[in-house]
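1. predicted coordinates and the sequence they were generated for:
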Amino acid sequence: MANPGEFIAAIDQGTTSTRCMIFDHTGTEVGRHQLEHEQILPRAGWVEHNPFEIWERTAATLVSALNATGLQAADLAALGITNQRETTVVWNRRTGRPYHNAIVWQDTRTDRIAAGLQRDGRGEVIRHRSGLPPATYFSGGKLQWILENVSGVRADAERGEALFGTVDTWVLWNLTGGPRGGVHVTDVTNASRTMLMDLQTLDWDDELLSFFGIPRAMLPRIASSSSSEPHGVTQDSGPVGGSIPVTGILGDQQAAMVGQVCLAAGEAKNTYGTGNFLLLNTGEKIVRSDNGLLTTVCYRFDDADPVYALEGSIAVTGSAVQWLRDQLGIISGAAQSEALAREVADNGGVYFVPAFSGLFAPYWRADARGAIVGLSRFNTNAHLARATLEAICYQSRDVVDAMAADSGVHLAVLKVDGGITANDLCMQIQADVLGVEVVKPVVSETTALGAAYAAGLAVGFWSGPAELREHWREDKRWQPQWSAEQRATGYAGWRKAVERTLDWVDLS
């Protein structure tokens, strides 16, 4: 029997699945449960999730993880939440019913909203104040679309009956009672992904709200990422039971920064998931990008000054491998992509730019769409599998180069995490494309670990960053093998391929 409060749980609500992981004092995983949820694709460019399904999966994974480890709610000192960012949910305060499916961060239906903001000059205000360019990626345009296209939402929002949240807020509200007193809170990292928060004041900005026609009454309170005053407490009457304090909330990529213990200025990590997300800690300084990166909040612990980051967000990486499996049927599972790609020595001249949702960092081109170029009769499905893995790595190279130009930081080592790091060939290609060593930790699912760290620091479960650093352990390292000429030639081909994807969609 465990002693009360001997463990920390983390909910990791991602784009394709929800997992709950439980950690001990050493940061070692002691249990997990994971469930996928449906990807709803109503039309080209639209991506939605069912908010009820996400909540049900969240509750089920937490209960199942506890049951699998023989633990009870009382054995948890605290609970952390990490989540797919930017995905937008609007629901009724009294009934708890969503007005519409969640609009996912990958969704491009707001392309004309983003283009209009860019054209009329408001985009520069948004960029300076929020650190983000006008783009379909972020929550503000998605929320505007719901207010304008779903009957009754605007009237309810102006009365304070319709609530907005990114997925962290939706999960927390349900965990803490839902219609029976649920807490309506987000943290600074998720709020910084909306185009609605001022990076300096860490509060919703009235001028930015006016650009999107968003009533302030529907927005959650913005809190620190790690808070000794709990964001909320799970309800005895709820599916999880107990009275577990929720003391950590972080958007998934910021959670990975904490999980990788990138807590000092100049430290960086790359997370390989549905998309790729490379973040560089810039300390307490707001570094504004001239090279297509995002300025974002990295984390805020209790009442300390916020820590900021530069981020390169790439929309489609792991989901390109899923596309090979689900839409093309050339592999039966993600693991098979490595075996198939190993059948060839190189890409055979084939480049695949998976711009399914336009191009994110550093291009920010909503008019781009996916392209496979360089095909000849010689090429096989193995070349396409290899080109898919290379696309993951070349897109990361685009971001690393932009990051160096903005910050002056040239990486000697890249810390990596996420599911694709299990693909040995992909990580070797990444080292080759960048010309730097690539290293992954023993715990590769660092998003959940970071949420656990944030929650645990708040209640004294861990003493501070120094103790977290002691827990970080290297699992594997890849050394670059390409010559400088190979690297330059390969990247030149990639840049030519990117050019072919542009101006495909008319946004005028």
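-> Sure thing, it's come through.
2. wouldn't P245 be in contact with A78 here?
-> Yes. Proximity of P245 to A78 meets the contact threshold set by CB atoms under 8 Å, at 5.2 Å. To be clear about C-beta, it is placed using only N, CA and C from the backbone, and glycine gets the same treatment.
3. who touches both of those two?
-> With contacts taken as CB atoms under 8 Å, 6 or more residues apart in numbering, P245 and A78 have 230, 459 as neighbours in common.
4. strands of the stretch 201-350 of the chain, start to end?
-> Counting by DSSP state E, counting those that start in this stretch, the segments of the stretch 201-350 of the chain that form strands are 203-204, 221-223, 232-233, 245-251, 268-272, 276-283, 294-299, 307-314.
5. pLDDT on the fifth one, on average?
-> Mean pLDDT, computed over strand 268-272, is 90.
6. which ones are touching the nearest residue to V47 once chain neighbours are set aside?
-> What sits nearest to V47 in space, not counting adjacent residues and going by CB to CB, 6 or more residues apart in numbering, is V104, at 4.1 Å. If you count contacts by CB under 8 Å, 6+ apart, V104 has them with 15, 47-49, 84, 87.
7. ditto for F461
-> Under the criterion of CB under 8 Å, 6+ apart, the contact partners of F461 comprise 5, 8, 25, 77-78, 455.
8. and with 7 Å instead?
-> Contact partners of F461, counting by CB atoms under 7 Å, 6 or more residues apart in numbering, are 8, 77-78.
9. tell me the SS of it?
-> Classification of F461 into helix, strand or coil gives coil, according to DSSP: H, G, I helix; E, B strand; the rest coil.
10. re the thing from before, who's more crowded, P245 and A78?
-> Each of P245 and A78 has its neighbours counted (other CB atoms under 10 Å); A78 has more, 25 against 21.
11. for the more buried one, phi and psi?
-> phi -170, psi 170 (degrees, to the nearest 10).
12. give me the distance between the residue nearest to it when sequence neighbours are not counted and L263.
-> Taking CB to CB, 6+ apart, and ignoring the residues beside it in sequence, A78 has A455 as its nearest neighbour in space, at 4.1 Å. A455 sits 16 Å away from L263 when distances are taken as CB to CB, to the nearest Å.
13. so the two - more neighbours on which side?
-> When A455 and L263 are compared for neighbours, A455 comes out ahead with 34 against 20, by other CB under 10 Å.
14. show me the contacts for that one.
-> For A455, the contacting residues are 8, 10, 78-80, 247-248, taking CB under 7 Å, 6+ apart as the criterion.
15. most widely separated two among those residues?
-> Taking CB to CB as the measure, these reach their widest spread between A10 and T247, a distance of 11.2 Å.
16. these two: which is more packed in?
-> Comparing A10 with T247 by other CB under 10 Å, the one with more neighbours is A10, at 33 against 29.
17. quick check: the more buried one is in a strand.
-> Yes. A10 sits within a strand when classified using three-state DSSP.
18. can you lay out the contacts of F461 as CSV showing pLDDT and distance to Q144?
-> Rendered in CSV, the data for the contacts of F461 read as follows (pLDDT from 0 to 100; distance: CB to CB, whole Å):
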residue, pLDDT, distance to Q144
I8, 96, 37
A77, 95, 40
A78, 96, 35
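19. could the residues you listed be laid out in JSON lines, adding distance to R325?
-> Converted to JSON lines, the contacts of F461 look like this (distance: CB to CB, whole Å):
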{"residue": "I8", "distance to R325": "34"}
{"residue": "A77", "distance to R325": "39"}
{"residue": "A78", "distance to R325": "37"}
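20. hang on, the earlier thing: and the strands of the stretch 201-350 of the chain, which is most packed in?
-> Ranked by mean neighbour count under mean count of other CB atoms under 10 Å, the strands of the stretch 201-350 of the chain are led by strand 245-251, which reaches a mean of 30.
21. show residues contacting it.
-> 78-83, 85, 168, 172, 175, 187, 189-190, 193, 225-227, 230-233, 258, 299, 450-451, 454-455, 458-459.
22. what's next to stretch 431-445, contact-wise?
-> 21, 27, 29, 260, 393-394, 397, 400, 411-418, 421, 427, 430, 449, 472-482, 487, 490.
23. what of stretch 472-486?
-> By CB under 7 Å, 6+ apart, the surrounding residues in contact with stretch 472-486 are 261, 427-428, 431-432, 435-442.
24. for I429, which residues are in contact?
-> 389-390, 393.
25. mind checking the SS state of it?
-> Three-state call for I429 (three-state DSSP): helix.
26. over to Q34?
-> Local secondary structure at Q34 is given as strand here, using three-state DSSP.
27. so what pLDDT did the residue lying closest to it once chain neighbours are set aside get?
-> In space, not counting the residues next to it along the chain, Q34 is nearest to R19; the distance is 3.8 Å by CB to CB, 6+ apart. For R19, the model assigns a pLDDT of 95.
28. avg pLDDT for stretch 320-337?
-> Over the span of stretch 320-337, the pLDDT mean works out to 88.
29. now do the end-to-end distance for it.
-> Using CA to CA, to the nearest Å, the span of stretch 320-337 from its first residue to its last is 11 Å.
30. what's the answer for stretch 368-379, then?
-> End-to-end distance of stretch 368-379 (CA to CA): 25 Å.
31. pull the contacting residues for Y308.
-> 282, 284-287, 295-298.
32. and the residues you listed, which is closest to G348?
-> For those, the nearest to G348 is T296 (37.9 Å; CB to CB).
33. those helices in the stretch 151-300 of the chain, which residues are they?
-> Counting by DSSP state H, counting those that start in this stretch, residue ranges of the helices within the stretch 151-300 of the chain are 153-158, 167-175, 188-191, 206-212, 252-259.
34. how about L468: what's its closest non-neighbour residue?
-> Of all residues beyond its chain neighbours, the one nearest L468 is V261 (5.1 Å), with distances taken as CB to CB, 6+ apart.
35. for G181, see how far away A9 is.
-> Remark: distance between A9 and G181 (CB to CB) = 22 Å.
36. and the two? which has more neighbours close in?
-> A9 (32 against 10).
37. residue contacts, the nearest residue to H184 once chain neighbours are set aside?
-> Leaving aside its sequence neighbours, H184 sits nearest to P220 (CB to CB, 6+ apart; 4.7 Å). Shown here is P220, whose contacts under the criterion CB under 7 Å, 6+ apart are 165, 169, 184-186.
38. could you tell me which of those are located in strands?
-> Among the contacts of P220, the residues falling in strands (DSSP state E) are 165, 185-186.
39. among those residues, name the buried ones.
-> By the neighbour-count criterion of 16 or more other CB atoms under 10 Å, the ones in strands among the contacts of P220 include these buried positions: 165, 185-186.
40. relative to D205, which of these is nearest.
-> When those are compared for distance to D205 (CB to CB), T186 comes out closest, at 14.8 Å.
41. ok, the closest one to L199 distance?
-> T186 is 15 Å from L199, by CB to CB.
42. torsion angles phi and psi at A488?
-> When quoted as degrees, to the nearest 10, the phi and psi of A488 stand at phi -70, psi -40.
43. distance check, it against A405.
-> When CB to CB is the yardstick, A488 and A405 sit 17 Å from each other.
44. same thing with A73?
-> The gap separating A73 from A405 is 49 Å, by CB to CB.
45. R477 now?
-> Computed with CB to CB, the distance linking R477 and A405 is 26 Å.
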